[in-house]
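Please find the sequence and the predicted model below.
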Amino acid sequence: MLDIKFIRENPDLIKEAARKKKVDFNVDALLELDAKRLALLQEIEGMRTEQNKVSDEISKTGSAGARVGIIEEMRKLKEKMSGKEDEHKEIMKEWKLAMLAVPNVPDMSVPEGESDKDNQEVRRWGEPTNFSFAPKSHVELMTALGMLDLERGTKVAGFRGYFLKGDGARLQFALWRFVQDFFAKKQDFIPMIVPSLLRKELLLGTGYLPQGEEDLYKTQDGEYLSGTAEVATMGYYMDEVIEKKDLPIKFLSFSDAFRREAGSHGKDTKGILRVHEFYKYEQVVLCEASHTESVKLHEELERNAEEITEALGLPYHVVANCGGDLGLGQVKKYDIEVWLPSENTYRETGSASYFHDFQTRRLNIRYRDDDGKLKFVHSLNNTALSGRPLVAIVENYQEEDGSIRIPPVLVPYFGKEKIVKS
RNA sequence: GGAGAGAUGGCUGAGCGGUCUAAAGCGCAUCCCUGGAAAGGAUGUUGGGGAGCAAUCCCCUCAAGGGUUCAAAUCCCUUUCUCUCCGCCA
């Protein structure tokens, strides 16, 4: 959600944003509707003023006879007002829907483009792993080593179901503990375990609704299962005013994540690269309403993900997402993509974005600035560790005999240096 | 799941159709008093929106939404949340 005043004053910026993000949005129609809304509002307010004034007189008029006449007059005014109010209500409904569809303005540095194919590489670390043999896929490797059970996974959980088992589960636990310790060194991150079963308003607030309805699971009671800990974490301060001295607030949130993957039935059908349920550590930050601060923290969050990936020894590159690959609320986004030998390409393991006040305006999260004014805080988030690095480790660290070396940083957590067939 | 009670400003808490522009207290801010402070006194102190160059004025805001009424914090309905008791379960 953007400030309607900002939209009124900068319609061209919104038009440009819609064009760059390849979003179909008619700014002029919104502004026209807004003008109607305001005119009507002023008319209604005028009538209310009259009503309030007369109401006051009625209570002060002693004689019952004098009252009857005024009351009759008020009844007429009320009828007229009621019609206008209905009209206003209709316009408001339309107005609110349109406001939820206004795209946030992408940063100047966001590259042009239609889809993820047009994302631009901004950095590269390490080189694609070289093998003297034909590398196997994580499915083949993990299944053979008893780390993954997809057959029973689908038996129990349906399409894309899986069990991580034995060393598969141990390796994942080692990763969680490694990440916990990594962030423990960065003392300003507060670890949090957050809910995934959430009320609708949080999904609206973070921008996953109304546009992303089909990718979300929904319960018969109307709650949604969130696809990331970001949603609950952002909701933590909903409808609150934060002390400025406490900003920025940095969370390291852990939760279960659910995704219907409705639009990607044909993609990644093998293995656990794309699943309906996984666990994830997410970095979520709230900061003061400053573009400079947002940019600084965005780079910091991105760097954290890079440091983790480097520590794990996984070759990666970072891309700046193009306009067409940005969400409605995102100002800028980096994807970190890790080399996956079985696909001979880089695959996304994390996504860092910032929103300015797009989310916090919807969620009503504010702070009092030095000038005494209440302002919406800025929000950002980035993956700390998803389920995919496990896959990348298995594939990049495989040996010809199908065993898997453990990245040195994980050995203390995992307890051995290699996974071999028993 | 059943029964009951409740939700009022930064906080405590009164009000239960018109005098609510919400009592009182606490807190906070500024000022007076003081050598300085405490105590005491004065004034101010929710948020959102609109009109205006401005001073200022207007509308909304007593959990949320709807209704009754000329008039709602107050009456009715719905929803959400909190608490107590019972039941069920980890």
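Yep, that arrived.

Show me what the longest helix belonging to chain A is packed against.
Longest helix of chain A, by residue count under DSSP state H: helix A:64-100. Contact partners of helix A:64-100 among helices and strands, from 3 or more C-beta pairs under 8 Å, 6 or more residues apart in numbering; DSSP states H and E: helix A:27-60. For the C-beta atoms, the positions are set from N, CA and C on the backbone; glycine is no exception.

Okay, angle between the helix it packs on and helix A:64-100 too, please.
Note on geometry: by axes from the mean of the first three to the mean of the last three C-alpha atoms, to 10 degrees, helix A:27-60 and helix A:64-100 are set 160 degrees apart in direction.

Going along the chain, name the strands of the stretch 301-422 of chain A.
Using DSSP state E, counting those that start in this stretch, the strands of the stretch 301-422 of chain A run over residues A:316-320, A:332-340, A:345-356, A:365-368, A:374-376, A:378-385, A:404-405, A:418-419.

Redo the ones you listed as a markdown table? Include mean neighbour count, distance to residue A:205 and mean pLDDT.
Supplementary listing: the strands of the stretch 301-422 of chain A in a markdown table, determined by neighbours: other C-beta atoms under 10 Å; distance: least, C-beta to C-beta, whole Å; pLDDT from 0 to 100:
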| stretch | mean neighbour count | distance to residue A:205 | mean pLDDT |
| --- | --- | --- | --- |
| strand A:316-320 | 21 | 26 | 97 |
| strand A:332-340 | 23 | 19 | 98 |
| strand A:345-356 | 23 | 11 | 96 |
| strand A:365-368 | 20 | 9 | 87 |
| strand A:374-376 | 15 | 12 | 88 |
| strand A:378-385 | 27 | 10 | 97 |
| strand A:404-405 | 18 | 41 | 98 |
| strand A:418-419 | 20 | 42 | 97 |
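
And those strands: which comes nearest residue A:58?
Go through the strands of the stretch 301-422 of chain A one by one with C-beta to C-beta and the one that ends up closest to residue A:58 is strand A:374-376, at 37.4 Å.

And that closest one, how far out from the chain middle?
21 Å (C-alpha atoms, centre = their mean, to the nearest Å).

same check, this time on stretch A:197-214
For stretch A:197-214, the distance to the chain centre is 10 Å (C-alpha atoms, centre = their mean).

can you check stretch A:323-331 too?
That offset, for stretch A:323-331, works out to 11 Å (C-alpha atoms, centre = their mean).

residues making contact with that stretch?
A:20-23, A:101, A:103-107, A:110-116, A:118-119, A:206-207, A:211, A:294, A:321, A:332-333, A:353-356, A:358-359 (C-beta atoms under 8 Å, 6 or more residues apart in numbering).

Residue A:75: neighbour count?
Neighbourhood size, residue A:75 [other C-beta atoms under 10 Å]: 9.

helix or strand right after the longest helix of chain A?
Scanning forward in sequence from helix A:64-100 by DSSP states H and E, the next helix or strand is strand A:120-125.

What strands flank that next one, and is each parallel or antiparallel?
strand A:316-320 (antiparallel) (DSSP bridges).

Contacts for the partner strand, please.
The contact list for strand A:316-320 (C-beta under 8 Å, 6+ apart) reads A:109-111, A:119-126, A:302, A:306, A:309-310, A:332-339, A:346, A:349.

Now do it and strand A:332-340, the angle between them.
Here strand A:316-320 runs at an angle of 150 degrees relative to strand A:332-340 (the same axes, to 10 degrees).

Just the C-alphas of strand A:316-320, formatted as CSV.
Output in CSV follows, covering the C-alpha atoms of strand A:316-320 (Å, rounded to 0.1, in the frame of the first residue of the first chain):
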residue,chain,number,x,y,z
TYR,A,316,27.0,-19.1,-5.9
HIS,A,317,26.2,-16.0,-7.7
VAL,A,318,23.8,-13.1,-6.8
VAL,A,319,21.4,-11.6,-9.2
ALA,A,320,19.5,-8.3,-9.1
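
closest point of the stretch 101-250 of chain A to RNA strand B, which residue?
residue A:199 (7.2 Å; C-beta to the nearest atom of the strand).

Quick one: name the residues of the stretch 301-422 of chain A near RNA strand B.
Counting by C-beta under 7 Å from any atom of the strand, the stretch 301-422 of chain A comes close to RNA strand B at residue A:374.

Much appreciated, bye for now.
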